[in-house]
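Asker: can't give you the sequence, but here's the structure:
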């Protein structure tokens, strides 16, 4: 029970963080006239953050450890996208001095890496437990 609540809260907080980094915490360039790559990365990251948080709610509601393992594995894939969108898939502004490159990119890298670590630790914990279908801890 403790594992489920702690993991769910970590997923929800991390999902909200991923959504807030490019919008409020370290906002990307404002694009009123011309939409730059950072605008599209922001939209993608907000969507991924919402998915991470929603899966955190599912973890909170699910007592089946195999469902939680599957969700944690899917979080690893989502975290990979969180990392790849600003780095390779969509990208950010080309100027290294721009706010989105100097602040948003490192923050998203930290949030994505943190999500991978949380998910891997949760998978290892759940698969190592011996409680059958549900994990009490």
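Answerer: That came in fine, so what should we check first? Just so it is clear, the structure is predicted and the values come from calculations on it, not from any experiment.
Asker: Without its sequence neighbours, what residue ends up closest to residue 73?
Answerer: Distances taken as CB to CB, 6 or more residues apart in numbering place residue 123 nearest to residue 73, at 6.4 Å, with adjacent residues excluded. Any C-beta I mention is one placed from the backbone N, CA and C, and that applies to glycine too.
Asker: What's the per-residue pLDDT of that neighbour here?
Answerer: Per-residue pLDDT puts residue 123 at 96.
Asker: For the host helix or strand of residue 39, which residues meet the burial criterion?
Answerer: Residue 39 belongs to helix 37-61 when assigned by DSSP states H and E. By neighbour count with 16 or more other CB atoms under 10 Å, helix 37-61 contains the buried residues 37-46, 48-49, 51-53, 55-56, 59.
Asker: Same check on stretch 113-127?
Answerer: Across stretch 113-127, burial judged by 16+ other CB under 10 Å covers 114, 115, 116, 118, 119, 122, 123, 125, 126.
Asker: Just to be sure, residue 95 is in a helix?
Answerer: No: secondary structure assignment (DSSP: H, G, I helix; E, B strand; the rest coil) places residue 95 in coil, not in a helix.
Asker: Relative to residue 82, how far out is residue 18?
Answerer: Per CB to CB, to the nearest Å, residue 18 is found 6 Å from residue 82.
Asker: between these two, what contacts are shared?
Answerer: Taking CB atoms under 8 Å, 6 or more residues apart in numbering as the contact rule, the neighbours common to residue 18 and residue 82 are 45, 48, 108, 111, 112, 115.
Asker: got a list of what the fifth one touches?
Answerer: The one in question is residue 112. Residue 112 is in contact with 18, 79, 80, 82, 83, counting by CB under 8 Å, 6+ apart.
Asker: what do you get for the second one?
Answerer: Remark: with contacts taken as CB under 8 Å, 6+ apart, residue 48 is in contact with 18, 78, 81, 82, 85.
Asker: hmm, 10 Å instead?
Answerer: Contact analysis of residue 48 by CB atoms under 10 Å, 6 or more residues apart in numbering lists 15, 18, 19, 78, 79, 81, 82, 85, 108, 111, 112, 115.
Asker: Can you give me the distance of the spatially closest residue to the fifth one that is not a sequence neighbour to residue 63?
Answerer: Spatial nearest neighbour of residue 79, excluding adjacent residues (CB to CB, 6+ apart): residue 115 at 3.9 Å. Here residue 115 is placed at a distance of 23 Å from residue 63 (CB to CB).
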